[in-house]
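Q: below are the sequence and a predicted model for it; my questions follow.
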Amino acid sequence: MGAFVGHFSDVGIDDDFIKQVRAKVTVGTSALFLLTADVTVDKVAAAFAGTKMDLIQSNLTIEQEAQLRTAFGEDAETAPAATTPAA
């Protein structure tokens, strides 16, 4: 897991987020990572209501999101357009 999170710290994933993930994802557990846009965290949490899970969140800039999509092999031309949150 060290190489995995080390790679994504280069993309701009916050060190505190990485530390939280390391603390929560231990032997015998798993993680689900979602890359979303224009989503209310409360609605995401509600979608998982009744399950045994912890929700850890991080916000990325548009540039960091593009780097993360590239790291996962997504073609920038076919990726959904990132939007700036409304003020």
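A: Perfect, thanks for sending it.

Q: so what's the residue count around V21?
A: Using other Cβ atoms under 10 Å, V21 has 19 other residues around it. C-beta here means a position set from N, CA and C on the backbone, and glycine is covered the same way.

Q: do I have it right that it meets S30?
A: No. Proximity of V21 to S30 does not meet the contact threshold set by Cβ atoms under 8 Å, at 11.5 Å.

Q: all the helices of this structure, in order from the start?
A: 2-9, 15-24, 41-47, 62-71 (DSSP state H).

Q: out of these, which one sits most buried?
A: helix 62-71 (a mean of 15; mean count of other Cβ atoms under 10 Å).

Q: can you list the weak-confidence ranges in this protein?
A: For the chain, applying pLDDT under 70 flags the ranges 1-10, 76-87.

Q: how about a cut-off of 90?
A: 1-22, 24-25, 31-41, 44, 52-87 (pLDDT under 90).

Q: can I get the helices of the chain in TSV with distance to L55?
A: TSV is the format used below for the helices of the chain (distance: least, Cβ to Cβ, whole Å):
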stretch	distance to L55
helix 2-9	18
helix 15-24	10
helix 41-47	5
helix 62-71	18
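
Q: figure out which of these is closest to L35.
A: helix 62-71 (6.7 Å; Cβ to Cβ).

Q: restricting to C-alpha, output the closest one in PDB.
A: The C-alpha atoms that make up helix 62-71 are tabulated as PDB, following Å, rounded to 0.1, in the frame of the first residue of the first chain:
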ATOM      1  CA  ILE A  62      -9.400  20.700 -11.100                       C
ATOM      2  CA  GLU A  63      -5.700  20.200 -12.000                       C
ATOM      3  CA  GLN A  64      -5.300  17.600  -9.300                       C
ATOM      4  CA  GLU A  65      -8.400  15.800 -10.500                       C
ATOM      5  CA  ALA A  66      -7.000  15.700 -14.000                       C
ATOM      6  CA  GLN A  67      -3.700  14.300 -12.700                       C
ATOM      7  CA  LEU A  68      -5.600  11.600 -10.800                       C
ATOM      8  CA  ARG A  69      -7.700  10.700 -13.800                       C
ATOM      9  CA  THR A  70      -4.500  10.400 -15.900                       C
ATOM     10  CA  ALA A  71      -2.800   8.300 -13.200                       C
END
